[in-house]
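*Asks:* Sequence and predicted model, in that order:
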Amino acid sequence: MYISDTHLRSFLADAGLVSQKDFDAAETEAKESGKSVGDILTAHNAIGEDELRRTYAYILGIPFVSLSGTAIKYDTLALIPEPVARRNNIIAYAHKGDELEVAMLDTDDLAAIDFIKKKTRLKVMPRLTDVASIKFALKQYQQGLKDNLGDVIERETRALEKQTGEGGEKELREMAEGTSAVRIVDTLLRHANAQNASDIHIEPLEDSLLIRYRIDGLLHDAMELPKHAAAAITARVKVLANMRLDEHRLPQDGRFGVEAGAEKISFRVSVLPTYYGEKIVMRLLRDSISGFTLESIGFHGTALEHMHEAMKATTGMILACGPTGAGKSTTLYTLLDIVNTPDVNISTIEDPIEYQMKRINQTQVRPEIGFTFANGLRTLVRQDPDIIMVGEIRDKETASLAINAALTGHLVLSTLHTNSAAGAIPRLLDMGVEPFLLVSTLRICIGQRLVRKLTASREKYELSRDEQAQLEKNIDPAVILKVLKEEKSVPKDATWKNVPFYKPKPSTDAPSGYAGRIGIYETLAVSPAIKELVMKSATDDALYKQARSEGMLTMAEDGIVKAAQGITTIEEVLRVVTE
């Protein structure tokens, strides 16, 4: 959108939106940098991006529309595919006769307009809008998909009613490749992805087939299908995952991938025989995990400093600890993404490979043919790696090999199933690792859990005296207050009594008031004092007390800090640390 600086100066000055001094400074910088005056004004916060866009619309005589709070008919919205809408920031919001009104952030995007003209064969009428409108409209794609889902499922399951699925492999394959089975499974996969589910559970009951999604760590009932749909759906998933169709008595595992818009998604599939039929669980794995930072997954303050310090090392071991589903793999993949530079060779041995990463040599263990973590790790160290990631330390042999790799010039990242950071050290000693080898290699232990994140519509409140007393049983208020002041989350003169907390506020976009998850951590750096305790084979309680005296936040305290910052709630933190 070209607008001369003279026009822009005149309008902004008349409207009192930008001072003459700010405009002059922006104009001088624009001449030196070659950027537009508008871009420089928004970069220096002299004017908001959306406010500038409204100004452009007024000067150019292009109508400006705000879609925030506007419900768009799904038939109209779907005229532009979601990937195109998301990539080009363009929304179809009104359709009348042969005219289609579209809201855009950039009305000069002629390629997008031309694409929509050819696809819809309609007269496209561009309108300027703001970022909030685009975000609000994009969320409606998910809701529209959900509304359409019931019709598709109902229609296709009726079509399956006459099929029994009791024949041999040939009949099952025909059923799996039939239109109804394909449409039902495809719709389920798209809907689960739109809901940001991490797992899909397909559970046979006595009279029906229950579909459940795990969203933000909690299972939710999605729908219940007629029992006669089970055979076709199971057969379809087995075909996708390359499993044996005629095997109904033994568990099977497989994997397949699909493309959803510009995103590639892998599904890890497990089939287990149960009393009423075969239960299917599909784990959704978004293939690309690049772009995460330690800050974005929840590290901050002293813990973040310790992590960066450990990552600078070229040898030693970093351990992520916690139960299944605590986010350990995401932590390790984030660390790998940070150290993944052209001058290092990174190799991994995993079970399974959850995310595929560029320039990293990833290997899947195959215990059924004798290819375990231990003998896989033996081979890896002969592959001239600089950095090694071992998916999990499960036994004495793997622990010993990982320690030796860390001793001989490699940085080793791995996970351990313990409840806390301090518990990792006694666990390794129990596996037979010598204390003197452990103190020479172990750099940092990370204990972690995942909590659900609040949406922006959260509600602020203050704790009552009883609630404060109850909370103080799990945390040290002085420690929390100190961290909040250091991170400027509360005023310097704030007291524990007036620290605000937040509650979820349900909305149509997020019925629970939560969206997404973030980690809460305790980060135990192996200091000289900790090393002395390890050499004495100290208990995890002694190690924990020493780490606390050196400034380590517990998982509960880290969670309460995040609760006071409006990221999560006290209830969420207590739910995961007391499980």
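*Replies:* That came through, no problem.
*Asks:* would you say Lys562 is within a helix?
*Replies:* Yes: counting by DSSP: H, G, I helix; E, B strand; the rest coil, Lys562 is part of a helix.
*Asks:* Check the gap between it and Thr569 for me.
*Replies:* To Thr569, Lys562 is 9 Å away according to Cβ to Cβ, to the nearest Å. (C-beta placed from N, C-alpha, C; glycine too.)
*Asks:* Same question for Ala111.
*Replies:* Counting by Cβ to Cβ, the gap from Ala111 to Thr569 is 45 Å.
*Asks:* who has more neighbours, the two?
*Replies:* Neighbour count, other Cβ atoms under 10 Å: between Ala111 and Thr569, Thr569 has more, with 23 against 9.
*Asks:* So that one is in contact with Ala563, correct?
*Replies:* Yes: between Thr569 and Ala563 there is a contact under Cβ atoms under 8 Å: 5.7 Å.
*Asks:* Overlap in contacts, the two.
*Replies:* Jointly contacting Thr569 and Ala563 under the rule Cβ atoms under 8 Å, 6 or more residues apart in numbering are Phe501, Tyr502.
*Asks:* tell me the strands in the stretch 51-200 of the chain, going along the chain?
*Replies:* Using DSSP state E, counting those that start in this stretch, the strands of the stretch 51-200 of the chain run over 90-96, 99-104, 123-128, 197-204.
*Asks:* residues contacting the closest residue to Leu429 other than its chain neighbours?
*Replies:* Among residues not flanking Leu429 along the chain, Ser537 sits closest, at 6.0 Å (Cβ to Cβ, 6 or more residues apart in numbering). Residues near Ser537 by Cβ under 8 Å, 6+ apart: Pro426, Leu429, Pro435.
*Asks:* Against Pro435, how distant is Ser537?
*Replies:* 6 Å.
*Asks:* tell me, what's touching these two both at once?
*Replies:* Listed as contacting both Ser537 and Pro435 by Cβ under 8 Å, 6+ apart are Leu429.
*Asks:* what about the residue lying closest to Leu285 once chain neighbours are set aside, which helix or strand?
*Replies:* Spatial nearest neighbour of Leu285, excluding adjacent residues (Cβ to Cβ, 6+ apart): Ser266 at 4.4 Å. Ser266 belongs to strand 263-274 when assigned by DSSP states H and E.
*Asks:* residues making contact with that strand?
*Replies:* With Cβ under 8 Å, 6+ apart, strand 263-274 has contacts from 189, 193, 203-204, 234, 237-238, 240-241, 243, 248-259, 278-288, 352, 354, 356.
*Asks:* Inside helices: which ones of these?
*Replies:* Residues of the contacts of strand 263-274 located in helices (DSSP state H): Leu189, Asn193, Thr234, Val237, Lys238, Leu240.
*Asks:* Go through these and name the one nearest Val182.
*Replies:* Closest to Val182 out of those is Leu240 (9.6 Å), distances taken as Cβ to Cβ.
*Asks:* residues in contact with that closest one?
*Replies:* Per Cβ under 8 Å, 6+ apart, neighbours of Leu240: Val185, Gly254, Phe256, Phe267, Val269.
*Asks:* Next, work out how far apart the residue nearest to Leu429 and Leu416 are.
*Replies:* According to Cβ to Cβ, Ser537 and Leu416 sit 17 Å apart.
*Asks:* what's the answer for Ile444, then?
*Replies:* The gap separating Ile444 from Leu416 is 12 Å, by Cβ to Cβ.
*Asks:* tell me, what's touching the two both at once?
*Replies:* Common contacts of Ile444 and Leu416 (Cβ under 8 Å, 6+ apart): Leu319.
*Asks:* now the strands for the stretch 351-500 of the chain?
*Replies:* Counting by DSSP E, counting those that start in this stretch, the strands of the stretch 351-500 of the chain are 360-364, 387-390, 411-416, 442-454, 459-462, 500-503.
*Asks:* What's the mean pLDDT across the longest one?
*Replies:* Looking back up the chat, that one is strand 442-454. Average pLDDT, strand 442-454: 94.
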